[in-house]
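Q: output the structure for:
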Amino acid sequence: MNPLRKVYRVLFTPVTIMLVPHSCKEAFRLKIPTALILSVFIFSIIGLGYVFTLVDDALRYEPTRQKLEYYKGQFAELESTIASLDMAEKQFKGLFALESKEEVLENMEDSDVGSIDMEFLRKRIARTIDNVGEIRDYLSEARDLYMATPMGWPAKGWLSSKYGYRVHPTKKVRDFHTGLDVSARPSTPIHATADGIVSFSGRSGANGNLVAVEHGFGYTTYYAHNKKNLVKEGDIVKRGDVIALLGSTGRSTGPHLHYEVWKGDKDVNPMPYVKGGTL
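A: Numbers count the residues shown, from 1 in each chain. All right, here's what the predicted structure looks like:
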């Protein structure tokens, strides 16, 4: 017998399921093709594998996501505290009608207030002014780091390719994907994911129309395959600003954004950063 005929016979030979009621009613027979049973089993395995992948991703990215959420929640308080410190410093200087710590201290050295230990007060005031300045500088740096950290999805769409090893869509070979691909309709707005300065805007080989933004603290983000770049080199951008329109320029199989996050001189997985906030 032909092997294909044997396979056909096995796949399409029905399996009979008989349901026998406790009453005297006639038994119910249900015939199901073997191919249908195998298909349900195979798709169930695939579905379970996908669910386990999602759970694994969630467990791995959760610590970074929680850290970014914490920074996000503290940002408003940092802004308020810095403003309060600036005001307190101005009010403190205003008590002496002076402009700087040096003038405050010089004024106290020239004062004649009898038995008050002016040297002790002078040192205390100098230490207090220094502490206020250090706290303000620390909080300002923390605020700058928050604004320079990439956060949120750069475009609205669906994730079509993750960071890591995959089969290249055009070369058809296994290679390492250094970013995320977000597929969407052409001309979908692309947003900067952190404050920074545009370091490149133009054509870049297989990347097509490319925008690169340097954010400080070692962070750089890249936005590739754009239909149109809306910023030029040297422009200052804020988180959420529209910097390009999504397209399919360069080596591309369809409209999508290729998004990369670099820390120092190495690409990193963008997933914890996009999951840390929304635009």
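
Q: hey, C-alpha coordinates of stretch 260-278 in CSV?
A: Taking C-alpha atoms only, stretch 260-278 is exported to CSV below (Å, rounded to 0.1, in the frame of the first residue of the first chain):
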residue,chain,number,x,y,z
GLU,A,260,17.5,49.9,20.6
VAL,A,261,18.7,51.0,24.0
TRP,A,262,22.5,51.3,24.6
LYS,A,263,24.2,51.8,28.0
GLY,A,264,27.8,52.9,27.5
ASP,A,265,29.2,51.1,24.4
LYS,A,266,26.9,48.1,24.6
ASP,A,267,23.3,47.4,23.5
VAL,A,268,21.0,46.2,26.3
ASN,A,269,17.6,44.5,26.4
PRO,A,270,15.0,47.3,26.0
MET,A,271,12.2,45.3,27.4
PRO,A,272,12.7,46.3,31.1
TYR,A,273,12.7,49.9,30.0
VAL,A,274,9.6,49.8,27.9
LYS,A,275,7.8,48.0,30.7
GLY,A,276,8.9,50.6,33.2
GLY,A,277,6.4,53.2,32.0
THR,A,278,4.1,54.5,29.3
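
Q: quick one: mean pLDDT for it?
A: On average, the pLDDT along stretch 260-278 is 87.

Q: in it, what's buried?
A: 260-262, 267-277 (16 or more other Cβ atoms under 10 Å). Yep, even glycine has a C-beta here, placed from its N, CA and C like the rest.

Q: now, the most widely separated pair of those residues?
A: Using Cβ to Cβ, the buried residues of stretch 260-278 span at most 20.1 Å, a distance reached by Asp267 and Gly277.

Q: re earlier: save the buried residues of stretch 260-278 as CSV, and put in distance to Asp175 and secondary structure too.
A: CSV is the format used below for the buried residues of stretch 260-278 (distance: Cβ to Cβ, whole Å; DSSP: H, G, I helix; E, B strand; the rest coil):
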residue, distance to Asp175, secondary structure
Glu260, 15, strand
Val261, 19, strand
Trp262, 18, strand
Asp267, 13, strand
Val268, 18, strand
Asn269, 16, coil
Pro270, 17, coil
Met271, 18, helix
Pro272, 22, helix
Tyr273, 22, helix
Val274, 22, helix
Lys275, 24, coil
Gly276, 27, coil
Gly277, 30, coil
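
Q: right, I'll leave it there.
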